[in-house]
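Peer 1: just to be clear, the model below is a prediction. Sequence and coordinates:
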Amino acid sequence: MTMQEGLAALGLGTAARQMHDRAYFLDLLGDSHTGLGRHEAAIEAYRQAAQGFEAQEAPCSYALCLLKIADSYLSLGEPWHAIGYLEACLPLLRELGLVRHESLAQDQLAACQIELARAPLPGERRSASAATERGRPVRPGQHPRRRAGGKFDVCPVQTDRPSGYPMRNSRPGEPRSS
């Protein structure tokens, strides 16, 4: 029996099939964006998919979309956004018996909470010695774990240039100098 036949057997009409298909399409679109490193676009696709799955009362797909949104925020280095999605999907994953996904979400939530506990409050300045005690060299006047644009640095090694900027003395086609 095909998917369409299964939906027809459940008494779902054309509109319900279209809503079902749209949610799965958006989920796959989010996966594609993630694979291409387009995390903001992935988040938007996953959010729309999650809304569709929630409306269809598809808790498994809904919970996995929430987990994917959290993953995308973590890929962007934004644990403060990921926490809410992880907290929302954990009870669903537990209830559905998705042990592997539940464990992954729990580990990610713990990592986010640790990262945020280390982050200074607005206006708070942490000493450079505290950062170097954690094994990260700090340039004077720079926050030890932030990079250009205010996002957390995912690279454990601090460089002498802001993240995302090309190295000096490099031109297209020439090897980069350090």
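Peer 2: Received the coordinates, thanks.

Peer 1: so, low pLDDT: which residues of the protein?
Peer 2: The chain contains residues with pLDDT under 70 at 1-13, 125-178.

Peer 1: all strands of it, in order?
Peer 2: Assigned by DSSP state E, the strands in the chain number zero.

Peer 1: tell me where the longest helix sits in it.
Peer 2: Across the chain, the longest stretch assigned as helix under DSSP state H is helix 14-35.

Peer 1: and that helix, what does it pack against?
Peer 2: Counting contacts by 3 or more C-beta pairs under 8 Å, 6 or more residues apart in numbering; DSSP states H and E, helix 14-35 is packed against helix 3-9, helix 39-55, helix 59-75. Any C-beta I mention is one placed from the backbone N, CA and C, and that applies to glycine too.

Peer 1: so which of those is the most surrounded?
Peer 2: Among the helices and strands packed on helix 14-35, the stretch with the highest mean neighbour count (mean count of other C-beta atoms under 10 Å) is helix 59-75, at a mean of 22.

Peer 1: list the contacts for M19?
Peer 2: Residues in contact with M19 (C-beta atoms under 8 Å, 6 or more residues apart in numbering) are G52, A55, Q56.

Peer 1: what about the closest residue to the second one other than its chain neighbours, distance to I114?
Peer 2: Yep, that's A55 we're talking about. Nearest non-adjacent residue to A55, counting by C-beta to C-beta, 6 or more residues apart in numbering: M19, 6.9 Å away. Note on M19: its distance to I114, by C-beta to C-beta, to the nearest Å, is 39 Å.

Peer 1: what of I69?
Peer 2: From I69 across to I114, the span is 20 Å (C-beta to C-beta).
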